[in-house]
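> Turn this into a model:
(chains A and B)
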2 protein chains.
Amino acid sequence: MYNYSKEKLNELKSELEKKHEEYKARGLALDMSRGKPGPDQLDLTNEMLIHCLDGDHLSEDGFDCRNYGILDGIPEAKRLFLKMLGVEMSEIIIGGNSSLKLMYDAVVRAMIQGVYGGKRPWLTGGAIKFLCPSPGYDRHFAICEKLGIEMIIVDMKADGPDMDAVEKLVSEDEAIKGIWCVPLYSNPDGITYSNDVVKRFANLNPKADDFRIFWDNAYLVHYIYEEVDSLLNILDECKKAGKEDMVYIFSSTSKISFPGGGLGIMAGSANNMKLTREQMAIETIGHDKLNQLRHAKFFKDYDGIMEHMAKHRDILRPKFKMVLDTLDSELSGLGIGSWNKPSGGYFVSYNGIPNTAKRMVALLKDAGVVMTPAGATFPYGKDPLDRNVRIAPTFPSVEELKSAMEIFCNSAKLAAAESLLAQ
Amino acid sequence: MYNYSKEKLNELKSELEKKHEEYKARGLALDMSRGKPGPDQLDLTNEMLIHCLDGDHLSEDGFDCRNYGILDGIPEAKRLFLKMLGVEMSEIIIGGNSSLKLMYDAVVRAMIQGVYGGKRPWLTGGAIKFLCPSPGYDRHFAICEKLGIEMIIVDMKADGPDMDAVEKLVSEDEAIKGIWCVPLYSNPDGITYSNDVVKRFANLNPKADDFRIFWDNAYLVHYIYEEVDSLLNILDECKKAGKEDMVYIFSSTSKISFPGGGLGIMAGSANNMKLTREQMAIETIGHDKLNQLRHAKFFKDYDGIMEHMAKHRDILRPKFKMVLDTLDSELSGLGIGSWNKPSGGYFVSYNGIPNTAKRMVALLKDAGVVMTPAGATFPYGKDPLDRNVRIAPTFPSVEELKSAMEIFCNSAKLAAAESLLAQ
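Down below sits the predicted model:
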């Protein structure tokens, strides 16, 4: 569309506006704002709500999971995730239902009490800054914003964050205490960090002795196709570099079993986990062990999880196909936007020409399709180029996605036409 | 024993030591350290692990409880606790499995972000102090100690904390930001705050505009006998005084359904709850709604909870009777200790003569009975007179309690004899 004459652009704009009115008239009400599994995915785990405990309540070592006690998880629940995360029993904590909460709590503990090996709480050392590879996960950024942590944008490249920038920044500024990472099928770009990027992370030389990598491995078994990306084990790499205390790993079963009814997981060096357990022991007597038992009995082991994820994959594949096929057929070759073709995770990330994202999201909303707010994938909700829109294809049905993506593409073209005409 | 001659005391001491060796030889291993329900109590709720959901997952308004969403609780779970707590729908938040975590989180939010109506976060105003009616709940005090909050002891009287002291302290010192209260069947004394005390709480004039009463109503339906204590509704009283934002209320089903597998509850003014929801929305996408649905379906309503509590009561009554009867028959009239006779809650609190509590707990441990550490019921674990020992009668069987209490009384007498001889 870049080489279109003003006349042709105006003509196109009128057509697109007409189409937009037609879409509006359909009265759709679709929500593509969050990475929520669809009901068909949740049905895969329904057995856990029917026969999974059948009154059982003893862990494998005879502990009564109905009662108080066991702060960091029953053994069979921990073991369930060891291979998945590549960690040992001493390196894992099973938390409540939310890995986001585990991350928030880890930040707060570091702020008020300090991290293992740190000389003082983050808060007593003046300003606190986090590096935020962007676009990224809006809820990571929201934690920083709410807690008064200054966010510094680092660009995302095809193989992970711009490591030249990361290395330089952390080595120069003692106020930089952390970095947010979604290393496998990143939110929203679906990028997997290369071996080189992971190794560079493990070998960082932060000026702050209490710096932590927040490694949110949210999509670690969330493949869409047979062919899967591989990610180096960050804890192993950190150990090789003698820096095993530098990383906190997070994950959950939110998109394996039930979002909100699953298990949050934290992992890291034995030192980090020991201090976390000590700090956590003040906050709670323990997490829900009955739900841990449910998960251990339902999934049994790593192979059980992988078999289950294959069923999720079968449901997700046609949805991602519908999104990508529609983008291809409607927008390819127009030069007004690009998008990733992820092989895992929960999102497709669309980048339009500058100054079109907000307008697109407004047009979509006008036609009954709710998207994540434009800018949400950047710190402070401000996309510097106003061009990134996150598509979450998992919740709607394939039929609904077809309608939604037609509107998406029309909105993309209309916003682009308006922007080009305004130049 | 006060009027015994030295000779007679020495004779008695030898007898008690001999008995102690006999108890030791029995090789008991009993844990009376925590207020844990017994297995027979947990069996009362087993249906929740068998048929309670049967695959159901929709809340009454059709929301899929398996998925993300609904931060502060499904309507039927909120409604379940309205009458119990005496609050409205806008005044309640259903949290995760731990009310302790809700309290810790509320303290942390106040420290870093501030409370409703406060001018700044607690942390930016210098030192933070809490009033701690003592003896009290060790885990309240542990939160303060871990977070660097200075604790000021306030004495407990027969009808609640010493309100003259509370009123004076909060009105004079702006650094005092909170007070811990267990207003009904207090931990460990089993004291219920009188109407006068509750009214005086509701009418406090704290110097700090961001002061909060932490009202931990942990035992609000936990009666032992037919006859029950009544407690004024603190939120209603605060409203009458125009100070409804001054109190945070906490409760849980930990000792109604399952400890660790129940529901934590926070309640308070609409303003407080609104801000808490906004702050909580950054920390988590929501709590476990499936467990909320389980509870709503199992208990149905307030009457369902009260019927259930009557079953708990039937199990607890003989246990408290065994403890109190043994204390009566073994220690009455000796003048070496006193104890409360609670009509609810989870503890019997024993006060010996000064400098005997640590020794008693050591003797008990030596004979195979683990008690809460002496001093734990006071801030910093330091009982100024070293005389309070908390008895938790709920977990052992009645038979086990019989043995444990014989050892308890022998230890009490031996520690007292030693102390009197040393004077």
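> Grab the longest strand from chain A for me.
Longest strand of chain A, by residue count under DSSP state E: strand A:150-157.
> so what's the closest residue to A:M151 other than its chain neighbours up against?
Using CB to CB, 6 or more residues apart in numbering or on different chains and skipping residues adjacent in sequence, the residue nearest A:M151 is A:P379, 3.7 Å away. C-beta: built from backbone N, CA, C; applies to glycine. Applying CB atoms under 8 Å, 6 or more residues apart in numbering or on different chains, we find A:P379 in contact with A:132, A:134, A:141, A:144-145, A:151-153.
> which outside residues touch whatever helix or strand comes next after the longest strand of chain A?
Per DSSP states H and E, strand A:150-157 leads on to strand A:160-161 as the next helix or strand towards the C-terminus. Here strand A:160-161 makes contact (CB under 8 Å, 6+ apart) with A:131, A:133, A:154-155, A:179, A:181, A:183, A:186, A:191-194, A:197-198.
> again, only this time at 10 Å
Applying CB atoms under 10 Å, 6 or more residues apart in numbering or on different chains, the external contacts of strand A:160-161 come out as A:131-134, A:136, A:154-155, A:166, A:179-181, A:183, A:186, A:189, A:191-194, A:196-198, A:200-201, A:231.
> for the next helix or strand after that strand, packing partners?
Where DSSP H and E defines the elements, the next helix or strand beyond strand A:160-161 is helix A:163-172. Here helix A:163-172 touches strand A:129-134, strand A:150-157, strand A:176-181, helix A:195-202, going by 3 or more CB pairs under 10 Å, 6 or more residues apart in numbering or on different chains; DSSP states H and E.
> Quick check: which helices or strands does the last one pack against?
It stands for helix A:195-202. Where contact means 3+ CB pairs under 10 Å, 6+ apart, helix A:195-202 is packed against strand A:160-161, helix A:163-172, strand A:176-181, strand A:212-216, helix A:234-240.
> Please verify my assumption that A:N187 contacts A:G345.
Yes: at 6.7 Å, A:N187 counts as touching A:G345 under the criterion of CB atoms under 10 Å.
> so what sits against both of those two?
Residues touching both A:N187 and A:G345 by CB under 10 Å, 6+ apart: A:35, A:218-219.
> Adding distance to chain B, write those out as CSV.
Converted to CSV, those look like this (distance: CB to the nearest CB, whole Å):
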residue, distance to chain B
A:G35, 9
A:A218, 12
A:Y219, 15
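> Need the worst-confidence member of the residues you listed.
The pLDDT minimum for the shared contacts of A:N187 and A:G345 sits at A:G35, where the score is 91.
> My read is that it contacts A:T394, right?
Yes: assessed by CB under 10 Å, A:G35 is found in contact with A:T394 at 6.2 Å.
> In terms of neighbours, single out the busier of those two.
A:G35 (25 against 21; other CB atoms under 10 Å in any protein chain shown).
> quick one: contacts for the residue nearest to that one when sequence neighbours are not counted?
In space, and not counting its chain neighbours, A:G35 is closest to A:Y346: 3.6 Å by CB to CB, 6+ apart. For A:Y346, the contact set (CB under 10 Å, 6+ apart) comprises A:34-37, A:185, A:187-188, A:190, A:218-219, A:222, A:224, A:255, A:316, A:320, A:390-395.
> Show me the helices in the stretch 251-400 of chain A, by range?
For the stretch 251-400 of chain A, applying DSSP state H, counting those that start in this stretch gives helices covering A:270-283, A:289-299, A:302-331, A:357-366, A:398-422.
> Quickly find the element holding A:R34.
Remark: A:R34 resides in no helix or strand, with elements defined by DSSP H and E.
> In contact with it, which residues?
By CB under 10 Å, 6+ apart, the contact set of A:R34 is A:138-139, A:259, A:346, A:370, A:372, A:390, A:392, A:394-395, B:67-69, B:285.
> Closest to A:I50 out of these?
Nearest to A:I50 among those is B:N67, at 17.8 Å by CB to CB.
> element containing that closest one?
Applying DSSP H and E, one finds B:N67 in no helix or strand.
> residues contacting it?
Taking CB under 10 Å, 6+ apart as the test, what B:N67 contacts is A:34, A:36-39, A:41-42, A:254, A:258-261, A:395, B:57, B:285-286, B:289.
> how does it look with 7 Å?
Residues near B:N67 by CB atoms under 7 Å, 6 or more residues apart in numbering or on different chains: A:36-37, A:42, A:259-260.
> Least confident of those residues?
Out of the contacts of B:N67, that is A:G260, at 87.
> I'd say it and B:I70 touch.
No: the pair A:G260 and B:I70 fails to qualify as a contact (CB atoms under 7 Å) at a distance of 8.2 Å.
> quick one, which of those two is more surrounded?
A count of neighbours by other CB under 10 Å puts A:G260 above the other of A:G260 and B:I70, at 24 against 21.
> I'd like to know how far the more buried one sits from A:F141.
From A:G260 over to A:F141 the distance is 21 Å, taken as CB to CB, to the nearest Å.
> about what we covered before: who wins for proximity to B:H312 among the helices and strands packed on helix A:195-202?
Closest to B:H312 of the helices and strands packed on helix A:195-202, according to CB to CB: strand A:212-216, at 41.6 Å.
> Show me which parts of stretch A:215-225 are buried, residue by residue.
Within stretch A:215-225, the residues scored as buried using 16 or more other CB atoms under 10 Å in any protein chain shown are A:215-224.
> Kindly apply the preceding question to stretch A:110-117 instead.
Per 16+ other CB under 10 Å, stretch A:110-117 contains these buried residues: A:110-116.
> Any residue of that stretch touching chain B?
Yes: judged by CB under 7 Å from any CB of the partner chain, stretch A:110-117 and chain B are in contact via A:111-113.
> Let me know the pLDDT of the closest residue to A:S59 other than its chain neighbours.
Leaving aside its chain neighbours, A:S59 sits nearest to A:I74 (4.0 Å; criterion: CB to CB, 6+ apart). Note on A:I74: pLDDT of 98.
> Could you report the neighbour count for the residue nearest to A:A367 when sequence neighbours are not counted?
The shortest distance from A:A367 to any residue other than its chain neighbours is 4.3 Å, reached at A:Y23 (CB to CB, 6+ apart). As a burial measure, A:Y23 scores 21 neighbours (other CB under 10 Å).
> Return the residues in contact with A:Y23.
A:Y23 is in contact with A:367, A:407, A:410, counting by CB under 7 Å, 6+ apart.
> residue contacts, the residue in the stretch 301-423 of chain A that chain B sits nearest to?
Using CB to the nearest CB, A:F395 is the residue of the stretch 301-423 of chain A that sits closest to chain B, at 8.4 Å. Contacts for A:F395 (CB under 7 Å, 6+ apart) come out as A:31, A:36, A:38.
> Nearest spatial neighbour of A:M156, chain-adjacent residues omitted?
Leaving out its chain neighbours, the residue that sits closest to A:M156 by CB to CB, 6+ apart is A:P133, at 5.2 Å.
> what sits opposite that neighbour in the beta ladder?
A:V154 (DSSP bridges).
> pretty sure A:S134 contacts A:Y380?
No: with contacts counted by CB under 7 Å, A:S134 stays clear of A:Y380, the gap being 10.4 Å.
> Comparing those two, which shows the higher neighbour count?
A side-by-side neighbour count of A:S134 and A:Y380, using other CB under 10 Å, places A:S134 first with 23 against 13.
> pLDDT wise, what is the more buried one at?
pLDDT, A:S134: 97.
> got it, and A:M1?
Note on A:M1: pLDDT of 87.
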